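S.K.: structure for the following, please:
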Amino acid sequence: MLAYPPHPDEPITAVCAATYYADLIPAFAFIFRVENTGTRFTVYATEQHRWLINSTYTLTIAEHNSEPGRVPLRLSTDEAGFLHHCLGLLAQRWQDAITEAEAGAQHPATDEPASPGHLNIEPTPAGYQAIAGRFRDELHRVQDLLRRLDQLQPTTPDTGTQTATDADAGAS
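M.R.: As a prediction, this is how the structure comes out:
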């Protein structure tokens with residue numbers, strides 16, 4: 001038993017105390033010791049050097065995703081800002097491509113024969129509209145990612161510590 005219980009708002013850290021190859025499951029087992037509570041737990045991973053012995057990791061609680069194929073993402077403030085910038089540039093490029101495709105749909109199709117040895121692959125106005133529709137779908141996907149990223153604004157500054165979560169490996 002600990003002399004003082006940990007403060008509920010204090011970050012929980014764990015030290016990787018040991019590792020071994022788990023024979024029953026083809027994985028490496030990492031034993032962590034939570035210093036605030038004196039408890040231990042084991043995490044299994046396929047990578048032998050996923051966590052380092054005697055290194056300290058910050059534990060986080062993530063909601064269990066009922067949607068298959070989704071994983072929690074943890075970013076530093078700088079990483080989130082960079083990702084937001086890149087997604088913004090990508091959204092602008094999709095918008096530019098939509099504008100070009102819609103402009104292509106407005107001009108009449110040319111019936112000029114292709115020069116010898118070449119093909120004329122100019123889309124029809126309907127083809128340009130279909131292309132613009134697909135570009136618009138991609139733009140909406142990027143805009144959705146931007147909205148999700150905006151909802152995940154970090155509330156604390158990045159401390160530079162590494163993170164172990166359920167998304168990285170199955171915890172036991």
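S.K.: tell me what the helix ranked longest in the chain is packed against?
M.R.: Assignment by DSSP state H gives helix 77-106 as the longest helix of the chain. Helix 77-106 is packed against helix 125-151, with contacts defined by 3 or more Cβ pairs under 8 Å, 6 or more residues apart in numbering; DSSP states H and E. From N, CA and C alone the C-beta is placed, and that goes for glycine too.
S.K.: domain-wise, how is this protein divided?
M.R.: Recorded structural domains for the chain (assignment: automatic domain parsing) are 13-73+157-171, 77-109+119-151.
S.K.: distance between the ends of the shortest one?
M.R.: Distance between the boundary residues of domain 77-109+119-151 (Cα to Cα, to the nearest Å) amounts to 13 Å.
S.K.: coming back round to it: make JSON lines from the domains of the chain and add mean neighbour count and mean pLDDT to it.
M.R.: Listed next are the domains of the chain as JSON lines, based on neighbours: other Cβ atoms under 10 Å; pLDDT from 0 to 100:
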{"stretch": "domain 13-73+157-171", "mean neighbour count": "14", "mean pLDDT": "70"}
{"stretch": "domain 77-109+119-151", "mean neighbour count": "14", "mean pLDDT": "90"}
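S.K.: before we move on, back to that, between the longest helix of the chain and helix 125-151, how many degrees?
M.R.: 160 degrees (axes from the mean of the first three to the mean of the last three Cα atoms, to 10 degrees).
S.K.: how much distance is there from helix 77-106 to the middle of the chain?
M.R.: Offset of helix 77-106 from its chain centre (Cα atoms, centre = their mean, to the nearest Å): 18 Å.
S.K.: next one: residue 93 from residue 136, what distance?
M.R.: Here the criterion is Cβ to Cβ, to the nearest Å. By it, residue 93 lies 13 Å from residue 136.
S.K.: ugh, typo on my part, it should be residue 45
M.R.: From residue 45 over to residue 136 (counting by Cβ to Cβ), the distance is 40 Å.
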